[in-house]
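> the sequence isn't on hand, but the structure is:
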(Lines give C-alpha, C1' and ligand atoms only; values in the text may rest on other atoms or scores of the structure.)
Protein backbone atom coordinates (compact mmCIF):
# COMPACT_ATOMS: atom_id res chain seq x y z
CA UNK A 1 0.00 0.00 0.00
CA UNK A 2 1.33 3.41 -0.93
CA UNK A 3 0.51 6.35 1.32
CA UNK A 4 1.17 9.84 0.00
CA UNK A 5 2.48 12.47 2.39
CA UNK A 6 0.19 15.02 3.93
CA UNK A 7 0.68 18.16 1.86
CA UNK A 8 -0.74 21.67 2.04
CA UNK A 9 -2.96 21.31 -1.07
CA UNK A 10 -5.61 18.68 -0.75
CA UNK A 11 -8.25 16.51 -2.19
CA UNK A 12 -11.11 14.30 -1.28
CA UNK A 13 -13.07 11.56 -2.88
CA UNK A 14 -16.39 9.82 -2.44
CA UNK A 15 -17.50 6.24 -2.54
CA UNK A 16 -20.80 4.69 -3.33
CA UNK A 17 -22.37 1.84 -1.46
CA UNK A 18 -23.90 -0.56 -3.93
CA UNK A 19 -26.25 -2.19 -1.41
CA UNK A 20 -29.95 -1.42 -2.06
CA UNK A 21 -31.72 0.02 0.97
CA UNK A 22 -34.49 -2.44 1.88
CA UNK A 23 -36.59 0.45 3.16
CA UNK A 24 -36.26 2.43 -0.04
CA UNK A 25 -39.06 2.35 -2.60
CA UNK A 26 -37.01 0.80 -5.43
CA UNK A 27 -33.29 1.34 -4.94
CA UNK A 28 -31.36 1.42 -8.19
CA UNK A 29 -29.33 -1.81 -8.46
CA UNK A 30 -25.59 -1.50 -8.92
CA UNK A 31 -24.47 -3.15 -12.19
CA UNK A 32 -22.25 -6.17 -11.72
CA UNK A 33 -18.61 -5.17 -11.82
CA UNK A 34 -19.39 -1.44 -11.66
CA UNK A 35 -16.91 0.88 -9.99
CA UNK A 36 -18.12 2.39 -6.73
CA UNK A 37 -17.22 5.78 -5.28
CA UNK A 38 -18.29 6.44 -1.68
CA UNK A 39 -18.17 9.96 -0.24
CA UNK A 40 -18.49 11.08 3.38
CA UNK A 41 -19.01 14.68 4.57
CA UNK A 42 -17.18 16.03 7.60
CA UNK A 43 -18.69 17.06 10.92
CA UNK A 44 -19.61 20.71 11.46
CA UNK A 45 -17.45 23.60 10.30
CA UNK A 46 -14.64 24.52 12.70
CA UNK A 47 -12.85 27.84 12.82
CA UNK A 48 -9.34 29.01 13.60
CA UNK A 49 -8.47 32.62 14.41
CA UNK A 50 -4.86 33.81 14.33
CA UNK A 51 -3.61 37.20 15.50
CA UNK A 52 -1.41 39.10 17.91
CA UNK A 53 -3.87 38.64 20.80
CA UNK A 54 -6.23 35.84 19.77
CA UNK A 55 -3.70 33.45 18.24
CA UNK A 56 -4.64 29.92 17.18
CA UNK A 57 -7.96 30.12 19.00
CA UNK A 58 -10.11 27.21 17.89
CA UNK A 59 -13.74 28.09 17.12
CA UNK A 60 -13.28 31.68 18.32
CA UNK A 61 -15.09 32.94 15.23
CA UNK A 62 -17.99 30.62 15.94
CA UNK A 63 -18.12 31.39 19.67
CA UNK A 64 -16.99 35.01 20.25
CA UNK A 65 -15.42 35.59 23.67
CA UNK A 66 -17.14 38.00 26.05
CA UNK A 67 -17.47 41.57 24.76
CA UNK A 68 -15.27 40.95 21.73
CA UNK A 69 -17.66 42.00 18.97
CA UNK A 70 -15.16 43.09 16.32
CA UNK A 71 -15.15 39.60 14.80
CA UNK A 72 -17.99 38.41 12.64
CA UNK A 73 -19.32 35.18 14.06
CA UNK A 74 -19.62 32.18 11.76
CA UNK A 75 -23.13 30.69 11.76
CA UNK A 76 -23.10 27.34 13.55
CA UNK A 77 -25.21 25.82 10.79
CA UNK A 78 -22.71 26.77 8.07
CA UNK A 79 -21.50 23.69 6.16
CA UNK A 80 -23.10 21.25 8.55
CA UNK A 81 -23.13 17.62 7.34
CA UNK A 82 -26.53 17.87 5.65
CA UNK A 83 -25.58 21.05 3.77
CA UNK A 84 -22.36 19.36 2.64
CA UNK A 85 -24.38 16.39 1.38
CA UNK A 86 -26.51 18.68 -0.76
CA UNK A 87 -23.39 20.27 -2.28
CA UNK A 88 -21.70 16.89 -2.76
CA UNK A 89 -24.67 15.64 -4.78
CA UNK A 90 -23.99 18.35 -7.38
CA UNK A 91 -20.38 17.23 -7.99
CA UNK A 92 -19.67 14.66 -10.71
CA UNK A 93 -17.13 12.59 -8.78
CA UNK A 94 -17.18 9.81 -11.38
CA UNK A 95 -15.84 12.17 -14.05
CA UNK A 96 -13.43 13.97 -11.71
CA UNK A 97 -11.94 10.66 -10.57
CA UNK A 98 -11.76 9.42 -14.17
CA UNK A 99 -14.20 6.54 -13.64
CA UNK A 100 -17.16 7.84 -15.71
CA UNK A 101 -19.25 4.66 -15.29
CA UNK A 102 -18.87 4.57 -11.50
CA UNK A 103 -21.84 4.51 -9.14
CA UNK A 104 -21.48 7.30 -6.56
CA UNK A 105 -22.94 7.13 -3.04
CA UNK A 106 -23.04 10.15 -0.72
CA UNK A 107 -23.21 8.87 2.83
CA UNK A 108 -25.15 10.41 5.71
CA UNK A 109 -23.49 8.57 8.58
CA UNK A 110 -20.26 9.79 10.16
CA UNK A 111 -17.10 8.43 8.59
CA UNK A 112 -14.86 6.16 10.65
CA UNK A 113 -11.79 7.25 8.67
CA UNK A 114 -9.27 9.52 10.41
CA UNK A 115 -6.37 11.25 8.68
CA UNK A 116 -3.92 10.42 11.47
CA UNK A 117 -4.94 6.78 11.95
CA UNK A 118 -4.16 3.61 9.98
CA UNK A 119 -6.76 2.53 7.45
CA UNK A 120 -8.89 -0.25 8.91
CA UNK A 121 -10.33 -1.42 5.61
CA UNK A 122 -13.41 -0.49 3.62
CA UNK A 123 -16.02 1.54 5.45
CA UNK A 124 -18.84 -0.38 3.74
CA UNK A 125 -19.63 -4.07 3.22
CA UNK A 126 -19.21 -3.68 -0.53
CA UNK A 127 -17.04 -6.26 -2.30
CA UNK A 128 -16.86 -4.31 -5.57
CA UNK A 129 -13.74 -5.01 -7.62
CA UNK A 130 -13.33 -1.28 -8.29
CA UNK A 131 -13.84 0.69 -5.09
CA UNK A 132 -12.88 4.24 -3.99
CA UNK A 133 -13.59 6.18 -0.80
CA UNK A 134 -13.41 9.95 -0.48
CA UNK A 135 -13.66 11.28 3.06
CA UNK A 136 -13.85 14.94 4.06
CA UNK A 137 -12.04 14.85 7.40
CA UNK A 138 -12.25 18.54 8.37
CA UNK A 139 -13.57 21.88 7.18
CA UNK A 140 -11.98 24.94 8.78
CA UNK A 141 -12.90 28.60 8.47
CA UNK A 142 -9.51 30.26 8.96
CA UNK A 143 -8.93 33.93 9.68
CA UNK A 144 -5.52 35.60 10.01
CA UNK A 145 -4.06 39.08 9.41
CA UNK A 146 -1.68 37.77 6.74
CA UNK A 147 -3.80 35.28 4.81
CA UNK A 148 -7.21 36.84 5.40
CA UNK A 149 -10.29 34.62 5.45
CA UNK A 150 -10.19 31.14 3.94
CA UNK A 151 -12.08 27.87 3.86
CA UNK A 152 -9.64 25.00 4.37
CA UNK A 153 -10.67 21.38 3.78
CA UNK A 154 -8.75 18.26 4.78
CA UNK A 155 -9.67 15.42 2.43
CA UNK A 156 -8.71 11.73 2.21
CA UNK A 157 -8.80 9.60 -0.93
CA UNK A 158 -8.47 5.83 -0.54
CA UNK A 159 -8.34 3.75 -3.72
CA UNK A 160 -8.92 0.10 -2.84
CA UNK A 161 -9.14 -1.35 -6.33
CA UNK A 162 -10.32 -4.91 -5.66
CA UNK A 163 -8.58 -5.18 -2.28
CA UNK A 164 -9.85 -4.83 1.29
CA UNK A 165 -7.03 -2.42 2.15
CA UNK A 166 -6.18 0.63 0.00
CA UNK A 167 -3.74 0.23 -2.84
CA UNK A 168 -3.13 3.98 -2.56
CA UNK A 169 -4.11 6.66 -0.05
CA UNK A 170 -3.78 10.40 -0.47
CA UNK A 171 -4.36 12.99 2.27
CA UNK A 172 -4.09 16.74 1.70
CA UNK A 173 -5.45 20.19 2.49
CA UNK A 174 -7.10 22.44 -0.06
CA UNK A 175 -8.08 26.03 0.58
CA UNK A 176 -9.98 28.86 -1.08
CA UNK A 177 -10.00 32.53 -0.11
CA UNK A 178 -13.26 34.10 1.10
CA UNK A 179 -14.26 37.74 0.59
CA UNK A 180 -17.88 37.92 1.81
CA UNK A 181 -18.32 35.11 4.33
CA UNK A 182 -19.19 35.58 7.13
CA UNK A 183 -21.73 38.25 6.21
CA UNK A 184 -21.44 41.69 7.79
CA UNK A 185 -25.11 42.50 7.27
CA UNK A 186 -28.24 40.34 7.10
CA UNK A 187 -28.76 41.31 3.47
CA UNK A 188 -25.32 39.86 2.63
CA UNK A 189 -26.11 36.43 4.08
CA UNK A 190 -27.32 34.79 0.81
CA UNK A 191 -24.18 35.94 -1.03
CA UNK A 192 -21.98 34.79 1.86
CA UNK A 193 -23.61 31.35 1.91
CA UNK A 194 -23.19 31.02 -1.86
CA UNK A 195 -19.51 31.98 -1.59
CA UNK A 196 -18.91 29.37 1.13
CA UNK A 197 -20.63 26.68 -0.94
CA UNK A 198 -18.54 27.59 -3.99
CA UNK A 199 -15.35 27.48 -1.90
CA UNK A 200 -16.28 24.04 -0.56
CA UNK A 201 -16.76 22.66 -4.07
CA UNK A 202 -13.58 24.38 -5.27
CA UNK A 203 -11.59 22.74 -2.47
CA UNK A 204 -12.79 19.29 -3.52
CA UNK A 205 -11.90 19.97 -7.14
CA UNK A 206 -8.44 21.17 -6.09
CA UNK A 207 -7.89 18.17 -3.87
CA UNK A 208 -8.80 15.70 -6.60
CA UNK A 209 -6.45 17.54 -8.94
CA UNK A 210 -3.65 17.15 -6.40
CA UNK A 211 -4.49 13.47 -5.86
CA UNK A 212 -4.45 12.60 -9.55
CA UNK A 213 -1.40 14.69 -10.46
CA UNK A 214 1.56 12.63 -11.73
CA UNK A 215 4.34 12.08 -9.18
CA UNK A 216 7.06 14.71 -9.14
CA UNK A 217 10.34 13.63 -10.65
CA UNK A 218 13.15 13.44 -8.12
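Perfect, thanks for sending it. On a predicted model such as this, the values are computed, not experimentally measured, just so you know.

> roughly how far does residue 150 sit from residue 83?
18 Å (C-beta to C-beta, to the nearest Å). (C-beta placed from N, C-alpha, C; glycine too.)

> so where does residue 197 fall, helix or strand?
Applying DSSP states H and E as the criterion places residue 197 in helix 189-212.

> gap between that helix and the chain center?
9 Å (C-alpha atoms, centre = their mean, to the nearest Å).

> tell me what that helix is packed against?
helix 81-88, strand 148-161, strand 168-178 (3 or more C-beta pairs under 8 Å, 6 or more residues apart in numbering; DSSP states H and E).

> got the phi and psi for the residue nearest to residue 120 when sequence neighbours are not counted?
Distances taken as C-beta to C-beta, 6 or more residues apart in numbering place residue 112 nearest to residue 120, at 7.1 Å, with adjacent residues excluded. Main-chain dihedrals, residue 112, degrees, to the nearest 10: phi -90, psi -10.

> distance check, residue 112 against residue 188.
38 Å.

> nearest to the spatial middle of the chain, which residue is it?
residue 136 (3.0 Å; C-alpha atoms, centre = their mean).

> circling back: is it correct that the residue nearest to residue 120 is in contact with residue 118?
No. Residue 112 is not in contact with residue 118 according to C-beta atoms under 8 Å; the separation is 11.8 Å.

> and for the two, which residues touch both?
Common contacts of residue 112 and residue 118 (C-beta atoms under 8 Å, 6 or more residues apart in numbering): none found.

> sticking with residue 48, tell me its helix or strand.
Going by DSSP H and E, residue 48 is in strand 46-49.

> now do residue 37
strand 36-40.

> which strands or helices does the helix or strand where residue 137 lies pack on?
For residue 137, the element it lies in under DSSP H and E is strand 131-144. On a contact count with 3+ C-beta pairs under 8 Å, 6+ apart, strand 131-144 meets strand 36-40, strand 46-49, strand 148-161, strand 168-178.

> closest one to residue 193 among these?
Among the helices and strands packed on strand 131-144, strand 168-178 comes nearest to residue 193, with 11.4 Å by C-beta to C-beta.

> how distant is that closest one from the center of its chain?
So, by C-alpha atoms, centre = their mean, the centroid of strand 168-178 is 8 Å from its chain's centroid.

> between that strand and strand 148-161, how many degrees?
160 degrees (axes from the mean of the first three to the mean of the last three C-alpha atoms, to 10 degrees).

> quick check: angle from strand 168-178 to strand 131-144?
Using the same axes, to 10 degrees: strand 168-178 against strand 131-144 is 30 degrees.
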